[in-house]
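Q: heads up, no residue letters with this:
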């Protein structure tokens, strides 16, 4: 079974509108963390936002917010007021407590969602 | 300075060549990573160095040889590669705190083509 599922291979949004990118996860570990990364065509993976499994409130970072629904095991990324520069691949990733190895928590990535922002 | 710098940005090599990818960071991070990413796929972990020691090798073929000469540098030596090794190779670094929320910083990657 996939640990991270991103069901939207591609999404389109009009500039200035909000968009939600879906991410569901599967873990039996009570301790885990969820990340979203943006990867523009240049290749660099850019960290956007983090949500810990014990965090009481949904994470927010500027125009990015994470809609964390623990019971449903979903961690959707909401981008408000989309900009043309938001066009990129977006990856959801998870670190589990059981994934600790060699001094690091090794993340598992989803397959990604390609977001295109139209002017 | 929150940059991870990778060189070269692009590399074309023959199957008999030997080449090296370089990665440098000056953020004081003691964990460094190599990932391989094929087009339209997520990154796949190859190696992890923790305090300059190889801590994880994800069953990578021996034609890929990592090296961490000091706390700022990470190399990936390539020899006798196959065309299917063509991919984007990403370097990342993070603090080796053992905290789950530790953010990893990625470089822009080296786009490798094996001919």
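A: Structure's in. What do you need? This structure is a prediction, so every number in the text was calculated from the model and none was measured.

Q: using the three-state scheme, assign residue A:76.
A: Recorded secondary structure, residue A:76: strand (DSSP: H, G, I helix; E, B strand; the rest coil).

Q: beta partners for it?
A: Bridge pairing for residue A:76 (DSSP bridges) gives the partners residue A:67.

Q: share the number of residues neighbouring the residue of chain A found nearest chain B, please.
A: Proximity of chain A to chain B (CB to the nearest CB) peaks at residue A:102, 2.6 Å away. In short, each C-beta sits where N, CA and C put it, glycine included. By the measure other CB atoms under 10 Å in any protein chain shown, the count of residues near residue A:102 is 16.

Q: quick check: closest non-adjacent residue to the residue of chain B found nearest chain A.
A: Closest contact between chain B and chain A, by CB to the nearest CB, is at residue B:55 (2.6 Å). Spatial nearest neighbour of residue B:55, chain neighbours left out: residue A:102 (2.6 Å); criterion: CB to CB, 6 or more residues apart in numbering or on different chains.

Q: ok, that neighbour touching residue B:56?
A: Yes: at 4.3 Å, residue A:102 counts as touching residue B:56 under the criterion of CB atoms under 8 Å.

Q: what is in contact with the two at once?
A: Counting by CB atoms under 8 Å, 6 or more residues apart in numbering or on different chains, the shared contacts of residue A:102 and residue B:56 are residue B:48.

Q: and the strands in the chain?
A: You didn't pick a chain, so chain A it is. For chain A, the strands defined by DSSP state E occupy A:4-5, A:10-14, A:19-21, A:24-25, A:32-39, A:46-52, A:60-61, A:64-69, A:74-79, A:88-96, A:100-101, A:104-105, A:108-109, A:113-118.

Q: wrong one, I was asking about chain B
A: Going by DSSP E, chain B shows strands at B:4-7, B:10-13, B:18-25, B:31-37, B:44-50, B:53-57, B:64-70, B:73-79, B:87-94, B:105-106, B:110-114.

Q: residues contacting the fifth one, please?
A: Translated: strand B:44-50. By CB under 8 Å, 6+ apart, the surrounding residues in contact with strand B:44-50 are A:101-104, A:106, B:30-37, B:54-58, B:60, B:64, B:66, B:68, B:74, B:76, B:96.

Q: who's in contact with residue A:45?
A: Residue A:45 makes contact with A:37, A:38, A:39, A:91, B:43, B:90, B:92, B:104, B:106, according to CB under 8 Å, 6+ apart.

Q: ok, the first one - contacts?
A: If you count contacts by CB under 8 Å, 6+ apart, residue A:37 has them with A:45, A:46, A:47, A:48, A:90, A:91, A:93, B:106.

Q: which of these are buried, as a PyMOL select command?
A: The PyMOL selection below is limited to those of these classed as buried (16 or more other CB atoms under 10 Å in any protein chain shown):
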select buried, (chain A and resi 45+47+48+90+91+93) or (chain B and resi 106)
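
Q: and the furthest pair within the contacts of residue A:37?
A: Using CB to CB, the pair of the contacts of residue A:37 lying farthest apart is A:90 and B:106, separated by 14.1 Å.

Q: check the offset of the helix or strand of chain B with the lowest mean pLDDT from the chain's centre.
A: Least confident helix or strand of chain B, by mean pLDDT, DSSP states H and E, is strand B:53-57 with a mean of 89. Distance, stretch centre to chain centre, for strand B:53-57: 12 Å (CA atoms, centre = their mean, to the nearest Å).

Q: buried stuff in that strand?
A: Quick answer for strand B:53-57 (16+ other CB under 10 Å): residue B:56.
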